[in-house]
Structures are given as structure tokens and as C-alpha cells.
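>>> would you be able to build a 3D model of this:
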Amino acid sequence: MTELEPDVLELEVGNVANGGFCVARHEGRVVFVRHALPGERVRARVTDRTKNFLRADAVEIIKASPDRVPEPCPFAGPGRCGGCDWQHASLPAQRALKAAVVQEQLERLAGITRTVVVEEVPYPVDGEVTPPPGLGWRTRVQFSVSSGVVGLRKHRSHDIEPVDECLIAHPGVELMGIERKRWPGASGVEGVVSASTGDRLVVLRGRDRRKIRVPRLDVPVRLVRGKPEPGSGLPYVREEVSGRLYQVSGSGFWQVHPGAAQLLADAVLDALEPKPGDIALDLYCGVGLFAGVLADRVGDEGLVVGVESDGQAVRDARFNLRDLPNVSIERGPVEEVIADLEFGRASSGSRTQNKRGTGHHGGARVRKADLVVLDPPRTGAGREAVDHITRLAGRKIAYVSCDPATLARDLAYFSERGWTLESFRAFDAFPMTHHVECLAVLVRG
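Below is the predicted model:
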């Protein structure tokens, strides 16, 4: 490798790293290179310097990988939109790169050696528009706005790349025409569409969202502008999984790939093998996806306790599962609520959905749970939550994660407490990006 000018290096690119980078070295320092692939020789422009490593963008490909393909999006590339990491790699190569990252994180952080295969997520297409493979999947897109112009943020930057189309956005989002309008007064606009029902939302962001000038969009939408009036509730979209409709209000969490929610629900059920009469915990339950499918399996003699800290998600979950008397939704931080459950301090008032749902088990107080499923945010569950989970869990734990690093860290905590990895699956729920969805299933060692 040679230095061509102060900020441009000629590098031999090595293995992939977590976060959409590949690793190279220059004068003993690690260089994390974007827009490159393993085995390539590139000229890379340095974008950031620290004491221990450099960051760089590959601006010229001297020797290309056979996995390299033309980027389909005109806004992708060095110094431009930072939303996609791997548009320059074929889809099979993207999945192989993600598998390598997951394997490395499991081995380095959890001491687990496991061959990982990243599975394609089937895309349910309904209508005349069929997006190309790997594109048109994102049903929730957060656009940034500067001086009324819509764009997407550049990598590790607050700067905005103006766009008139996002190729990974679902066709239902693009039908709104958000990028092709001006939004004076807004700092951000989120387009939300349900691939299963066709419901559409636009969520506004700005210092005073009531002063944002909203353009006439190309299709009718529900608009989320500021806080709702007391008792009115937020506009929502409806999502369907296993024949049940789930209301998701505003910017509430839901899987962004149209096929991911159903695939994960099926995978969790297959892994946990719930039985009639089981007690199950759904931690970080959001609007109640896993609680809903588990409730059908454990039956009237069973119990599902969902735990969620976000108030709007709790309201949605209680509405979505209101017909299931064997479900209780508890509100609060997972660490606090499961500590209450563990020691029998859970209240059947503010935190419990209804008394009918838990009366035969003494309220929402469970001293043991046969099954646990958790789907925490990217920061993971953490040591305190793992401590409580391992004391409550009986038969199996299903851990759903979109971050292999925090997942591997938490698997190490579970291992310290006598739980071992039974099975592991990974899903390409975020094509063109470095993100990957994982499902780890644990049993007592």
C-alpha cells in the first residue's frame, strides 16, 4: 500500500467488519474502508482520523472483486447518501458478508463457533409494481429536510443528500411523492406504508410541527402533526400477521421489511414450541406481535405477559390483543418489570391489561415462565435484564436481534448463567445495508 497524497491511500482490502466496512492497513494502523469489497485493491480517500484507526471511502477501484456490481441508485457512492452500505455488491455476496460479520461477532464476543447462513426474506408482492430484487422493501423511511428540500443523510454526517427517489423504499412510500415536494418548516418527514393493508402515514418533524407547510401529496395519507388531542389517539397503520391485525400508531416500531414480521413470528413459534398451558414472556413487546401469536398456542389455560416501556406501544398492544383474555401487557422498563414479576410485586392495576387475563395465575405475578422471547433495541438487553430473565425462564429463550454485536455480548451473559445456544438463524431483512436480523434460541446447558 502506498500514500498518493495526504488524504488518498492505495490499499489492499481485507475482511469485512461490522458496520458496512472492510478492513485494510496503512503504516500499522487499521483503515475501515467503505464502498470496497474483500480482496480488492482501491484508492481510498481518508474521511476521519483517530489515534488508533482511519476511516476512508474507496473512490477508485484498481482491482475489482468478482462480486462487485454497478450501484443501482444514482445517489449511492462515496460522500453521498449514507443509507445503503452494499449496493456495490451482488445480493448473494451481501448475505455472505453479513454471515461473516455475525460469525466473527459470535466467536469474538461470545466464544461461540457457528456457521451462519443469512436467509433471504420472501417479499409478498401485491399489485402491479414488482420491485427488483433487493429494492423496494423499506416500508418506513425517515427523510431529512433542509430549507424545504427532502433528502437522506450522508454517512456519519448531518449533511443531507437531496434525493427525488429512494430505491429501497417500498412502492407504497414512493407513491406519496414525498421527495418530489417541498416541506417548508420541516426538519424531517417520515413516510409509512403497510404492505399488508395499504394504509399510509406521513409523520412530520420540526420545531413547531403545526407551522409546517404540507404540500399536496400524490395519494391520500393520514398525517401525524404534533401531539394528538386528548382522547383522540395518533393516526395509525394496520399490519397483518397470521390473520390478526395489529395497529401501529405514528412512528411506532414495526419490522420495515414487508415479509419480516410474519417470518419472525413463524420462526419464533417453531423455535419455542409453545404448548397449551405454558406461561410465556414477551419482552420489549412493542405493539404485541409475538404475544399475539404465542397466546393462540398456549391457549386459555396459558398466560402471556408482554412488557414494554413505550406508552403508545403499550396502548397499541392492549388494543391489538384486547380479545385475548390470556394476555397481560405490563408497562415499564424491562429490567424493573421483570424484577417485579420475579419477586411477585407486579401491580394488577396500572401495568396489567385486564384482570381476566391473569386471575388464575394471581395477577401478572409469575415466578417461572416456561418460555421467553425478547426483541430489544440495538443496544441489546444488557447484564441486568439477562440476570432476571435467566432466573425466570424455564424451558427456552428466543432472542431476536438486529445487532450482532450486542446480541453476541448478551449471549455471553446467558452462557455465564448456564444457558447454551441451541439454534441460530439470520435473515436478510435489510438488503443493500449492513444490517441483519438474527434469532438465537437458548436452552439450559
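>>> wait, isn't Val173 in contact with Thr139?
Yes. Using C-beta atoms under 8 Å, Val173 makes contact with Thr139 at a distance of 6.8 Å. (Each C-beta comes from the backbone N, C-alpha and C, glycine too.)
>>> give me the common contacts of these two.
192-193 (C-beta atoms under 8 Å, 6 or more residues apart in numbering).
>>> domain map for the protein?
Per automatic domain parsing, the structural domains of the chain span 2-78, 140-234, 259-444.
>>> okay, the ones you listed, which one's buried deepest?
domain 259-444 (a mean of 20; mean count of other C-beta atoms under 10 Å).
>>> run the chain-centre distance for that one.
16 Å (C-alpha atoms, centre = their mean, to the nearest Å).
>>> now Thr47: how far from Ala56?
Remark: distance between Thr47 and Ala56 (C-beta to C-beta, to the nearest Å) = 6 Å.
>>> which residue ranges of this structure form helices?
91-110, 171-174, 260-272, 289-298, 311-320, 334-343, 383-392, 404-416 (DSSP state H).
>>> dump the fourth one to PDB, keeping only the CA atoms.
Output of helix 289-298 as PDB, limited to C-alpha atoms (Å, rounded to 0.1, in the frame of the first residue of the first chain):
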ATOM      1  CA  LEU A 289     -46.600  -9.200  17.700                       C
ATOM      2  CA  PHE A 290     -45.100 -12.200  19.500                       C
ATOM      3  CA  ALA A 291     -47.600 -12.000  22.400                       C
ATOM      4  CA  GLY A 292     -50.400 -12.400  19.800                       C
ATOM      5  CA  VAL A 293     -49.100 -15.500  18.100                       C
ATOM      6  CA  LEU A 294     -47.900 -17.100  21.400                       C
ATOM      7  CA  ALA A 295     -51.400 -16.500  23.000                       C
ATOM      8  CA  ASP A 296     -53.000 -18.700  20.400                       C
ATOM      9  CA  ARG A 297     -50.600 -21.500  21.100                       C
ATOM     10  CA  VAL A 298     -50.700 -21.500  24.900                       C
END
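>>> just checking, what packs against it?
strand 236-241, strand 244-249, helix 260-272, strand 279-283, strand 303-308, strand 327-331, strand 369-374 (3 or more C-beta pairs under 8 Å, 6 or more residues apart in numbering; DSSP states H and E).
>>> with the last one instead?
Packing partners of helix 404-416 (3+ C-beta pairs under 8 Å, 6+ apart): helix 91-110, helix 383-392, strand 393-401, strand 437-444.
>>> any chance of TSV for the ones you listed, columns mean pLDDT and distance to Phe253?
Shown next, in TSV, are the helices and strands packed on helix 404-416 (pLDDT from 0 to 100; distance: least, C-beta to C-beta, whole Å):
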stretch	mean pLDDT	distance to Phe253
helix 91-110	98	22
helix 383-392	96	18
strand 393-401	97	12
strand 437-444	98	13
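>>> can you redo these as a markdown table with distance to Arg43?
Below are the helices and strands packed on helix 404-416 laid out as a markdown table (distance: least, C-beta to C-beta, whole Å):
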| stretch | distance to Arg43 |
| --- | --- |
| helix 91-110 | 21 |
| helix 383-392 | 44 |
| strand 393-401 | 36 |
| strand 437-444 | 34 |
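>>> what's across from Ala56 in the sheet?
Val33, Val46 (DSSP bridges).
>>> quick check, it in contact with Val31.
Yes. Ala56 lies in contact with Val31 (C-beta under 8 Å); the separation is 5.4 Å.
>>> who touches both of these two?
Here Ala56 and Val31 share the contacting residues 9, 11, 24, 44, 46, scored by C-beta under 8 Å, 6+ apart.
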